Each structure stands twice: as C-alpha cells, then as structure tokens.
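Engineer: fold the stuff below for me.
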Amino acid sequence: MSGPRSRRSLLTGWGRTAPTSADVVHAVHPGIVDEAMAASRSGAAIGGGGRGLVARGLGRSYGDAAQNAGGTVVDATWLDAVHSVDLDTGRITVGAGVSLQTLMERFVPLGWFVPVTPGTRLVTVGGAIAADIHGKNHHVDGSFCAHVLSMTLVTPTGTHTVTPDSDPDLFWATAGGMGLTGIVIDATLQLIPVETSYLLVDTERAVDLDDIMEKMRSGDDDYRYSVAWIDCQSTGRRLGRSVLTRGDHARLADLPPRLAGDPDKARAFVPRQLARIPLTPPSGLLNPMSVGAINEFWFRKAPRQLQLAQPHHMIGFFHPLDGIGEWNRFYGRRGFLQYQFVVPDAAGETVRRVIERLTKVKLAAFVNVLKRFGPGDPGTLSFPMPGWTLALDLLVGSPELGPLLDGFDELVLEAGGRIYLAKDSRLAPDTFRAMYPGVDSFLEVKRKVDPDGVLRSDLGRRLGLCSDADPQPHA
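Structural biologist: Residues are numbered from 1 along each chain as shown. Below is the predicted model:
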C-alpha cells in the first residue's frame, strides 16, 4: 500500500538537541491521517521502513516526543478548523491543529479563555492533550484534559470518539500519552468565561527559598494563578530568592477608566512579536556571567513591598517569552534542555537539594519556575501530582550536566516524584518506569488499539513504550 505524499525532514524538539530524520506528512484533511495510519500499518510507511508514525504539532515539546527516526511524522497543524462553538456555554469543537493562540485571539474578545495554558500559547490542542499540559492554575483547575469533553482519535484499529465516560481507559491513556495511543484529529473543550483580557496581579519578592515556599503554601489558594521565578545562582542566605506573581481574571469594573470605558480595548487579544533571534550564535548568548546579570536585574525590578491588584495583560502574564521569536536560539548551536520534576508536598526539601546542587556547578539557568500542583487526574502517564514542581532551562554541553541530572533523578525518585515527559530528552527507561507506576496500564491500552506497534516515537523507543524489534514491549 502506498501512503500520502511526504517530505524527508530533519526534526528536533524545542531544545534543538538530538535531531533525527523522518518522512513528514502534512495532514491537510483528516483523511490523510487515515491514509498515513493505514500505510504505516501495512509496513509501507512512505519509505519509512516500517518504523511507524507519530503526530507532531508546533514542535514545543523540548525533547524527542514528536520525532520518529526513519519513520513517519504526521504534521497535524493543518487540522486547524473551528468546527462549532456555543458562545452561551463556552463549549467548542476544534481541529487538533488549532493553537491555543488562535483560540485566545478569536474568543477572548467574545468572553471566553482557554481553561489551561502553559508558558507558551504556541501549542496545538492535540499537543495539549498528548502532554496533558498544566499551567499556573493547576492547584485550582487541574490539567488540560480535565476540560476535554470528547476527542476523535485515529488509531491503527480504527477511529474512535472518546470521552471520559464512554471509554475512560483509552481517554486517560491518551491524556499525557505523548501521542502513542493514536492521532487526535478534533476535540471538544470547555472554555472558561472572562470579562476582559487582563488579570489583576499581586507581585512580591521572596528573600530565600523558605520564604517563597511559605508564601505559596499559605496564600496560593486565594488566587487562580500563581507562579514564582527563582534565582538559581544565588547562594547562602539568598538561596532560592524569588519573585512571586499571583492573580485572577479582571472584570471590566476592575480596570482603570482608560480601559473600563472602552470594552473592546479591554477585551482585545492581539499578540505581537517584539523581537526575533535571526541566527543561532555558536556559543549562545547565555552563560553564567550573563545569566547572573539577568537574574540580578529580574529580582531588582520586582517591587520591594507587596504590590497589589495591578492590571496585567494576558499576553505578558502568561507568555512573556512568546514575544521573542525563536528565543530558543539564545542557547547556541548545542541547544538546551528543560528539566522539570514534581515531588509531593511533604518532599519540599528535594527542591532545596536540587537548587543547592545546581548552584555548586555554576551552570547558566535563567528560566527557573516554581509552582504548586493540586490533585492529578487519572491519566496513566499524566505528569501532575499534588506538590511542588520546579522547571529549569539548562545549556547542553557541560561535562557536569549529565551526572548532575542523573543525581536529580535519584533525588526525585527517592521523594516519590517524577519527570515531565513533554520536557524530557534523557530519562532512562528503568527510572521512567519507577516514576510512573501506571505504565503497565498504559501499555495494556496501547496494545488494544495498536496491536502491531505502529505508533512509535524517539521518546517511546528510549523509554521502552514502543520498539521496532518488538511492537508489544513488556507483554
């Protein structure tokens, strides 16, 4: 069987590491997904040598989740139609290739916002489901898939309409399943009502890690959104000094007269790219010295005293880095990785031990974010659990990085925590299985919908979730 037309491309994740080549199929309509799935199942994967296929959205997974060396990658960004929307209830059905940015641009002015957004709005709905993304509001609203009412999933055994009630096993294996249960072609979501495109934000400094963790423990429940930036280069009494921002959606009456008197302006959502990194510098622009200066500036620009109820536009509050096009080039040609973990509430000391080890090796780390999670959902590979999550962006290339992260893995595992698969690019399979006790349940569901092991990715091979030699690992 021949499949749809494709083009051989070299792909990486957002971290720009470990590139691999695959045949990319553009899913210009849902039928292309069916054709690509059938071709891969027959072993004639458009020159892919029977190495299966995986879907890809906007490429914002940091590692190798949306890569498939020697196989097929289905570009789902073409599935970008808005099929239906009920502006009275906020229920919307969209193609899996629709981005969160598109939803915000079209529907914030009409009074509706996405239920969950990560630190970038350049994520497709299909990608949001595959990673079961979380945001600054997890402690209140949970993960993305808690707001998915249904999805259409193309698998090697057919097309399924899946809801949490009709097929909970398949639904929750797909939520956070990194695309290895099938390709989502559309989904129905529940949006949340908003009056404006602004938030009322409280901002304050925290002098050290104890201070920031106590502020978050005692006060986060009073806010819908909460996030702390942490300086991971300061040591001693300043270890973990932070800037904490928390807020909720602003009503029209909450805004200053210049906005409250112009409802259209108060609801406008028009993202702009303020700058773009045109070329990748050989050594990158970030190093311990430059990052130290940035950290000092970022901390000093925050108010000394608690600053209450300041209006911030959604764009700046949720997605500050999206204003810089190709900002991942800052890290140079070797690229970077993001290490994000979660540990239970009682294991907060693990956060301290990670930061202490990081400061000792003096690696450049600027985008360091601490949040608190609420209860997780039933997703067998979903990342969030109640507790603390810390995300670190780290330059690739230092000989100290590998041993450092291996040590972090041991700390996180010892604490009963886990690593976020959407950010991961180096986790070992045994460590992964120890961190995710639901992996066998996930594989059981995968075998039912993919008995021939068609759905594969570089991440799946690395973690033992799929194999070219044995399509049914751990059977």
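Engineer: count of neighbours near the nearest residue to G438 once chain neighbours are set aside?
Structural biologist: In this structure, G438 finds its nearest non-sequential neighbour in T380, 3.4 Å apart by CB to CB, 6 or more residues apart in numbering. All C-beta atoms are positioned from the backbone trio N, CA, C, and that covers glycine. Using other CB atoms under 10 Å, T380 is surrounded by 23 other residues.
Engineer: contact partners for T380?
Structural biologist: Listed by CB atoms under 8 Å, 6 or more residues apart in numbering, the contact set of T380 reads W172, A173, G176, G177, Y436, G438, V439, S441, F442, V445.
Engineer: what helices or strands is the helix or strand in which the second one is found leaning on?
Structural biologist: Secondary structure assigned from DSSP states H and E places A173 in helix 168-174. Under the contact definition 3 or more CB pairs under 8 Å, 6 or more residues apart in numbering; DSSP states H and E, helix 168-174 sits against strand 148-155, strand 158-162, helix 439-449.
Engineer: what's the helix or strand for H312?
Structural biologist: Here H312 is assigned to strand 307-313, by DSSP H and E.
Engineer: ok, that strand: who's next to it in the sheet?
Structural biologist: Strands adjacent to strand 307-313 in the sheet, as given by DSSP bridges, are strand 198-206 (antiparallel).
Engineer: ok, residues contacting the partner strand?
Structural biologist: Contact with strand 198-206 is made by 212, 215, 223, 225, 228, 240-250, 254-255, 259, 266, 299, 302-314, 317, as judged by CB under 8 Å, 6+ apart.
Engineer: let's see it at 6 Å
Structural biologist: 212, 215, 242-247, 249-250, 254, 302-303, 306-313, 317 (CB atoms under 6 Å, 6 or more residues apart in numbering).
Engineer: got the domain boundaries for the protein?
Structural biologist: Residue ranges for the domains of the chain, per automatic domain parsing: 7-76+438-463, 78-193, 198-428.
Engineer: how about the CA coordinates for the helix or strand bottoming out on mean pLDDT in the chain, as CSV?
Structural biologist: Here the helix or strand of the chain ranked lowest by mean pLDDT, DSSP states H and E is helix 288-301, holding a mean of 72. The C-alpha coordinates for helix 288-301 follow below in CSV (Å, rounded to 0.1, in the frame of the first residue of the first chain):
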residue,chain,number,x,y,z
PRO,A,288,26.9,32.1,33.9
MET,A,289,28.0,35.7,33.8
SER,A,290,25.2,37.0,31.6
VAL,A,291,22.6,34.9,33.4
GLY,A,292,23.9,36.3,36.7
ALA,A,293,23.3,39.8,35.5
ILE,A,294,19.9,38.9,34.1
ASN,A,295,18.9,37.3,37.4
GLU,A,296,20.0,40.3,39.4
PHE,A,297,18.0,42.7,37.1
TRP,A,298,14.9,40.4,37.2
PHE,A,299,14.9,40.3,41.0
ARG,A,300,15.7,44.0,41.5
LYS,A,301,12.9,45.1,39.1
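Engineer: and it, what does it pack onto?
Structural biologist: Counting contacts by 3 or more CB pairs under 6 Å, 6 or more residues apart in numbering; DSSP states H and E, helix 288-301 packs against no other helix or strand.
Engineer: for the residue most central in space within the chain, give its distance to A81.
Structural biologist: In the chain, the C-alpha nearest the mean C-alpha coordinate belongs to I133, at 4.9 Å (CA atoms, centre = their mean). Separation of I133 from A81 (CB to CB, to the nearest Å) stands at 21 Å.
Engineer: so of the helices and strands packed on helix 168-174, which one's packed in deepest?
Structural biologist: Ranked by mean neighbour count, the helices and strands packed on helix 168-174 are led by strand 148-155 with a mean of 21 (mean count of other CB atoms under 10 Å).
Engineer: which residue ranges form the helices in the stretch 301-450 of the chain?
Structural biologist: 314-318, 349-361, 401-414, 429-435, 439-449 (DSSP state H, counting those that start in this stretch).
Engineer: cool, the stretch 1-150 of the chain as well?
Structural biologist: For the stretch 1-150 of the chain, the helices defined by DSSP H, counting those that start in this stretch cover 30-41, 100-107, 125-131, 138-141.
Engineer: most tightly packed of those helices?
Structural biologist: Mean neighbour count (mean count of other CB under 10 Å) peaks for helix 125-131 among the helices of the stretch 1-150 of the chain, with a mean of 30.
Engineer: who touches it?
Structural biologist: Against helix 125-131 from outside (CB under 6 Å, 6+ apart): G57, A76, V94, A96, V98, F144, C145, M178, G179, V184, A187, A422.
Engineer: which ones among those map onto strands?
Structural biologist: With strands taken from DSSP state E, the overlap with the contacts of helix 125-131 comprises V94, V184, A187.
Engineer: which of the residues you listed ranks first by neighbour count?
Structural biologist: That'd be V184 among the ones in strands among the contacts of helix 125-131, by other CB under 10 Å, with 29 neighbours.
Engineer: could you double-check that that residue lies in contact with A96?
Structural biologist: Yes - at 4.3 Å, V184 counts as touching A96 under the criterion of CB atoms under 6 Å.
Engineer: redo the helices and strands packed on helix 168-174 as TSV? Include mean pLDDT.
Structural biologist: Shown next, in TSV, are these (pLDDT from 0 to 100):
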stretch	mean pLDDT
strand 148-155	98
strand 158-162	97
helix 439-449	98
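Engineer: a markdown table for these, including distance to A18?
Structural biologist: Shown next, in a markdown table, are the helices and strands packed on helix 168-174 (distance: least, CB to CB, whole Å):
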| stretch | distance to A18 |
| --- | --- |
| strand 148-155 | 27 |
| strand 158-162 | 31 |
| helix 439-449 | 22 |
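Engineer: for A69, find the nearest of the ones you listed.
Structural biologist: Nearest of the helices and strands packed on helix 168-174 to A69, taken as CB to CB: helix 439-449 at 19.6 Å.
Engineer: which residue sits closest to L103, ignoring its sequence neighbours?
Structural biologist: Per CB to CB, 6+ apart, closest to L103 is V114, 5.4 Å.
Engineer: do you know how far that neighbour is from S197?
Structural biologist: Taken as CB to CB, the span from V114 to S197 is 12 Å.
Engineer: which one's more surrounded, those two?
Structural biologist: Between V114 and S197, counted using other CB under 10 Å, V114 has the larger neighbour count: 24 against 21.
Engineer: okay, now L306: neighbour count?
Structural biologist: Residue neighbour count, defined by other CB under 10 Å, stands at 11 for L306.
Engineer: same question, the one 4 residues further on
Structural biologist: A total of 15 residues lie near Q310 under the criterion other CB under 10 Å.
Engineer: over to V123?
Structural biologist: 25.
Engineer: so it sits against L100, correct?
Structural biologist: Yes - using CB under 6 Å, V123 is in contact with L100, at 5.2 Å.
Engineer: return the per-residue confidence for the residue nearest to G438.
Structural biologist: With respect to pLDDT, T380 scores 98.
Engineer: that one and V445, how far apart?
Structural biologist: Distance, T380 to V445, by CB to CB: 8 Å.
Engineer: with that, I have no additional questions.
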